[in-house]
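S.K.: Here is a sequence together with a model predicted from it:
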Amino acid sequence: MRVNVDRVRGHIERIAGFTASPGEGATRMSYSPEYRAACEYVMAHAAGLGAEARLDAIGSVRLRLPSSDAAAPAVLVGSHLDSVPHGGDLDGVLGVVLGLEVMEVLVREGVRPARPLEVIAFVEEEGATFRCPLAGSQLLTGALPAEATGELRDESGRSLAEAARAFACDPARLADDRLRPESVRAMLEVHIEQGRVLESAGVPVGIVECIAGSENHRLRLEGRADHAGTTPMPLRRDALAAAAEVVLAAERLAGEPARPDTVATVGRLLCRPNAANVVPGAVELSLDVRDVHAERLDDAVATLAAAIEAIAERRGLRHQRERTARSEPVACAPVLVELLEETARHLGISHRRLASGALHDAAILTRITEAAMLFVPSVDGASHVPEERTEDADIEQGAEVLLGAVRTLLER
């Protein structure tokens, strides 16, 4: 039996309706009413297939298909349901829905696998609420300690633990829901590419060899707020002008020929007092640096730190820099990369290997198990925007490769 792309598209469209910004993309923050609706939708569908469906201690969705050996290490398939503000309908959702589709195909075939299949949707993958990307998978694998649930806070000061409890979850039971090496056989994640490589090459399936590492910082620049009309330029301590220099320094560094795989982004900036006739006195900004090589990532962060210090000193500003997250570059498991390639070849589906510049939960899962990823093309490379789109034909071919690989893993 093959996957049903119409059924897949139907799930995607239903979940797309759970948004706080109708008509303006997906806004589905972790622990929000929209997130709850998405979780309940996929849990209800899985339960209808006979799977165990629940929210775990921190609000990740766990869907488990019965097997002939319930104690055997499980094959995990999944991604996430939370979004960035005004994001797209496929980011994360596609990986969860395709896991659900694989489960449905197996059930309709009457297959009782030799080991459990678990579809998982990790909470707070985007980090849009608690400023820690991949928080859910990090907590569930032990990459973040349980204490982090009380330390990670949103803009209102609410902790992740408080949000989880309000969501009817119990973070005190996190240890019971941890993913451990002895309980997981392998992890596969399907995702939209979020770039243009596959579309440009006319290839429907990408097999990820490695996932870039990332370091995130929160930077605060403090100068002095003064009257815009009465303060001469040489006497200003303009925090926003300094922030602009930081943005350009990051752009220059990532554009150097010696750093072909480095990217650096300032995507968030808060200016105070944020008035048209006042010299900005303080600015808080985010800094996101990524590379597929750990040593180059370290060097880029160190180089930018030195540039920030020099900018602040020259302008007479105080500055504070805090690292908020770190994810190491990781290689996908060669045995799984080869399995995905063999499956694609067997199905006659064109494919190619590539690296992922975006962070994904699969990278965190490499701490405890073999993990790999499949990409499907993003039309015009659009992602994290309402225009995010992938052709049904590409989704179908990616789903077929996933199904074939999962079948193999469930019997190994």
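M.R.: In hand now; what should we look at?

S.K.: Going by C-alpha atoms from here, please, whenever you check contacts or count neighbours.
M.R.: Fine.

S.K.: Pretty sure Q320 sits in a strand.
M.R.: Yes - Q320 sits within a strand when classified using DSSP: H, G, I helix; E, B strand; the rest coil.

S.K.: For the protein, which element, helix or strand, carries the lowest mean pLDDT?
M.R.: One helix or strand of the chain scores below all others by mean pLDDT, DSSP states H and E: strand 318-327, with a mean of 92.

S.K.: what sits up against the helix or strand that that strand is followed by?
M.R.: Downstream of strand 318-327, the next assigned helix or strand under DSSP states H and E is strand 330-331. Strand 330-331 is contacted from outside by E209, C210, I211, A212, G213, V292, A363, T366, using Cα atoms under 8 Å, 6 or more residues apart in numbering.

S.K.: Now with 6 Å, please.
M.R.: C210, I211 (Cα atoms under 6 Å, 6 or more residues apart in numbering).

S.K.: ok, residues contacting the least confident helix or strand of the chain?
M.R.: C132, G213, S214, E215, N216, H217, R218, L219, R220, L221, E222.

S.K.: Please tell me how far it is from the chain's geometric centre.
M.R.: 20 Å (Cα atoms, centre = their mean, to the nearest Å).

S.K.: Name the residues of that strand that are buried.
M.R.: R318, H319, R321, T324, A325, R326, S327 (16 or more other Cα atoms under 10 Å).

S.K.: Mark which of the contacts of strand 318-327 are buried, thanks.
M.R.: C132, G213, S214, E215, N216, H217, R218, L219, R220, L221, E222.

S.K.: how about those, which pair is most distant?
M.R.: G213 and E222 (29.5 Å; Cα to Cα).

S.K.: contacting residues around the nearest residue to P116 once chain neighbours are set aside?
M.R.: Among residues not flanking P116 along the chain, A74 sits closest, at 4.7 Å (Cα to Cα, 6 or more residues apart in numbering). Neighbouring residues of A74 by Cα under 6 Å, 6+ apart: R115, P116, L117, V184, R185.

S.K.: In three-state terms, label E387 for me.
M.R.: coil.

S.K.: Against V96, how distant is it?
M.R.: Taking Cα to Cα, to the nearest Å as the measure, E387 falls 20 Å from V96.

S.K.: Compare those two (neighbour count), which wins?
M.R.: When E387 and V96 are compared for neighbours, V96 comes out ahead with 27 against 17, by other Cα atoms under 10 Å.

S.K.: secondary structure element for that one?
M.R.: Taking DSSP H and E as the criterion, V96 maps to helix 93-109.

S.K.: buried residues in that helix?
M.R.: 93-107.

S.K.: likewise stretch 355-373?
M.R.: Under 16+ other Cα under 10 Å, the buried positions of stretch 355-373 are 355-357, 359-373.

S.K.: Just the ones of these in strands?
M.R.: In strands, defined here by DSSP state E, the members of the buried residues of stretch 355-373 are A355, S356, E370, A371, A372, M373.

S.K.: From what I see, the last one and E209 are in contact.
M.R.: In this case it means M373. No - between M373 and E209 there is no contact under Cα atoms under 6 Å: 8.1 Å.

S.K.: So which elements touch the helix holding V96?
M.R.: Applying 3 or more Cα pairs under 6 Å, 6 or more residues apart in numbering; DSSP states H and E, one finds that helix 93-109 makes contact with strand 74-80, strand 184-192.
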